[in-house]
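K.L.:
Predicted coordinates and the sequence they were generated for:
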Amino acid sequence: MKNSLRSHKWFYGANETGLLHKGALWSAGIDMDNYHGQPIIGIANTWSQLNNCNMSLKNVAEEVKKGIHEAGGIALEFPVISLGEELMKPSAMLYRNLLSIDVEENIRAYPIDGVILLGNCDKTVPGLLMGAVSANMPIIQLNAGPKEVGIHKGKRLGSGTDLWKYWDKLRVGEIDEKEWNDIGKALSCGFGACNTMGTASTMNGLLEALGLMPLGMSTLPVTSEKRKQLNIESGKRIVQMVHDQLTPDKILTIQAFSNAISTLLAIGGSTNAIIHLTAIAGRLSLPIFPNLFDELGRKVPCITNVQPNGALLIDEFNEAGGIPSVLNSISEFLHLDALTYTGLSLRNSLQSLEKIDIKDAILELKSPLKSTPTLAVLKGNLAPNGAVIKVSAASAELLTHKGKAVVFENYDHMLDTIDDDGLIVDKDSVLVLKNAGPVGVPGMPEWGMIPVPKKLKAQGVNDMVRISDSRMSGTSFGTVILHVAPEAAVGGVLAIVKNGDLISINVPNRSIELHVSPEEIDKRFKSIIPKEKIHKRGYPALYIKEVTQANKGCDFDFLIPKNESERIFVEPIVGRS
Ligand code: FES
């Protein structure tokens, strides 16, 4: 008998294609003798040996399968490209959109009714979700958890954040090569995501707030027994979601994105999340940048005392109740009626959890970590389409600043000259890095935390205003202005900034200005000699042609629906291949 599941089209009917399709699954070890139209659940897995952060997802998939089978579904695991932040060059961000296409097209082409998405490391999380949202099939997204904390000389090390701090110590000779290597080993202490509030912790936490991941899951340690239980339960739940046709468009409303942004602000999360949330919302034609970030950014403070904003690590945040504790603390800013994957509202989902006493890692709303906002979107002639700053990780005294530009034309130029004794720079200078944006590299690597020049570091200068069209790691810190749009490589004003130009930022007023006359700006643009494209073929060439700027989430233009009809997921013709 025919049923309404899309997968049934592949197997329905006593004809040659139905048998061929069943044969493919018999060969893959699936019991199709007892097939009677059960939901087929895909498990999109970013497990890979090229991505240590995601290594334990292999076991996660097995636990999820258990739950799917118990609930009467058929589980089919499939690999999708894994984006390992540490090894992938020039940046895993270059391939985020490719992962999204990989997911969407796997779902389109195969007999799948619902999907469990398995990610952990930074870009795997939004990449998976963007693709699944476009396919609009029931989804639950699960992660693998943070890695264990490494210890060096009795100090608990924060992934990324401590790396950057010790790198500065190495540059000024405060530690030697041997100690540097010891730190490296302590920092790489097992499978799992960074143990600070980096992009992975942020994005996985935001999945809880969006209503797509079990509450409390994102921060559980890799080895937690509770994680296993949640994996199995999620396998069971996705089968029911298919029966109920609980699709992402019913969960990912503007209210859900508002909840995610409030959470991002309260956890002092990664600036990368601004780009990723904008891209995910863009797939649903929900405009959230810059207005929703700006509106909530003025209201919701950072209440999370975790690196890089604060002092503690994710295990301590987890002990304090993790994301559910944060959601309870900021409930006055949330849309608690928002629907979650459980079929319950966020309010009811939170009420069903055991209450945990808030400890040091999460502060009371009335006494936040900082009185300044967490994130701010700046605009001005240097960034007409916006730039962002993580205020909570910046120096308060630099939030209103005017200084002379010290310009680096590209990343190599910066690396070659930043520590030159002859570099004309002082503590009030504004360091400017060009050509590090989505098109410029391509892929917008995390180069935005330009190091403080060695000679200033030796004088005790720890922070300066830095501006670029680049991103920075969620584990980074400092008065760093990022995501300048439009970027230098596509004709943004950043391209014509010269050494000695005056630049001012005023974060309270949300402004960023280059003090050069419009006539002089025009004159400088006319003298720019266009660069020849390096990438003339392959995926990087497609990326350069189609990528949008940071204010549109760096998604591909052809993946962003411009009207309702472009949101329709067109099913394949199911016949002979
Ligand atoms: Fe993968 Fe941080 S490098 S989570």
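P.N.:
That came through fine. Note that the structure is a prediction, hence the values are computed from the model and not measured.
K.L.:
C-alpha from now on. contacts and neighbour counts both.
P.N.:
Will do.
K.L.:
what helices or strands is the longest helix along the chain leaning on?
P.N.:
In the chain, with assignment by DSSP state H, the single longest helix is helix 225-244. Helix 225-244 is packed against helix 57-70, strand 114-118, strand 139-142, with contacts defined by 3 or more C-alpha pairs under 8 Å, 6 or more residues apart in numbering; DSSP states H and E.
K.L.:
Run through who's touching the second one.
P.N.:
The reference is to strand 114-118. With contact meaning C-alpha atoms under 8 Å, 6 or more residues apart in numbering, strand 114-118 is reached by 39-47, 57, 61, 128-129, 132, 137-144, 235, 238-239, 241-242.
K.L.:
Hey, what's the angle from that strand to helix 225-244? Just curious.
P.N.:
Put simply, strand 114-118 runs at 160 degrees to helix 225-244, going by axes from the mean of the first three to the mean of the last three C-alpha atoms, to 10 degrees.
K.L.:
okay, now the one residue in the stretch 1-150 of the chain that gets nearest to the ligand: neighbour count?
P.N.:
As assessed by C-alpha to the nearest ligand atom, the ligand sits closest to C121 within the stretch 1-150 of the chain, at 3.9 Å. C121 has 32 neighbouring residues, counting by other C-alpha atoms under 10 Å.
K.L.:
which residues touch it?
P.N.:
Counting by C-alpha under 8 Å, 6+ apart, C121 has contacts N51, C53, N54, L83, G84, E85, G192, A193, A200.
K.L.:
and if we set it to 10 Å?
P.N.:
46, 51-55, 82-86, 92, 143-146, 192-194, 198-201, 203-204 (C-alpha atoms under 10 Å, 6 or more residues apart in numbering).
K.L.:
Now that we have those residues, which of them are buried?
P.N.:
By neighbour count, with 16 or more other C-alpha atoms under 10 Å, the contacts of C121 hold 46, 51-55, 82-85, 92, 143-146, 192-194, 198-201, 203-204 as buried.
K.L.:
Narrow those to those in strands?
P.N.:
Among the buried ones among the contacts of C121, no member falls in strands (criterion: DSSP state E).
K.L.:
show me which of the residues you listed neighbour the ligand.
P.N.:
Restricting the buried ones among the contacts of C121 to those adjacent to the ligand (criterion: C-alpha under 6 Å from any ligand atom) gives C53, E85, A193, C194, A200.
K.L.:
what are the phi and psi angles of the residue of the stretch 1-150 of the chain closest to the ligand?
P.N.:
Main-chain dihedrals, C121, degrees, to the nearest 10: phi -70, psi 160.
K.L.:
And the helices in the stretch 351-500 of the chain?
P.N.:
411-417, 454-458 (DSSP state H, counting those that start in this stretch).
K.L.:
Just tell me which of these ends up closest to the ligand.
P.N.:
Proximity to the ligand (C-alpha to the nearest ligand atom) singles out helix 411-417 among the helices of the stretch 351-500 of the chain, at 20.6 Å.
K.L.:
Show me what the closest one is packed up against.
P.N.:
The contact analysis (3 or more C-alpha pairs under 10 Å, 6 or more residues apart in numbering; DSSP states H and E) places helix 411-417 against strand 400-408, strand 430-433.
K.L.:
Tabulate those (a markdown table), appending mean pLDDT, distance to K226 and mean neighbour count.
P.N.:
Formatted as a markdown table, the helices and strands packed on helix 411-417 follow (pLDDT from 0 to 100; distance: least, C-alpha to C-alpha, whole Å; neighbours: other C-alpha atoms under 10 Å):
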| stretch | mean pLDDT | distance to K226 | mean neighbour count |
| --- | --- | --- | --- |
| strand 400-408 | 98 | 46 | 21 |
| strand 430-433 | 98 | 45 | 27 |
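K.L.:
Determine which of those approaches L19 most closely.
P.N.:
strand 430-433 (59.3 Å; C-alpha to C-alpha).
K.L.:
Tell me which other helices or strands that closest one touches.
P.N.:
Other helices and strands packing on strand 430-433, by 3+ C-alpha pairs under 10 Å, 6+ apart, are strand 400-408, helix 411-417, strand 465-468, strand 480-482, strand 502-506.
K.L.:
Now do the same contact list for the closest residue to F477 other than its chain neighbours.
P.N.:
Nearest in space to F477, with sequence neighbours left out and distances taken as C-alpha to C-alpha, 6 or more residues apart in numbering, is A393 at 5.0 Å. Residues in contact with A393 (C-alpha under 10 Å, 6+ apart) are 268, 307-310, 370, 374-375, 475-480.
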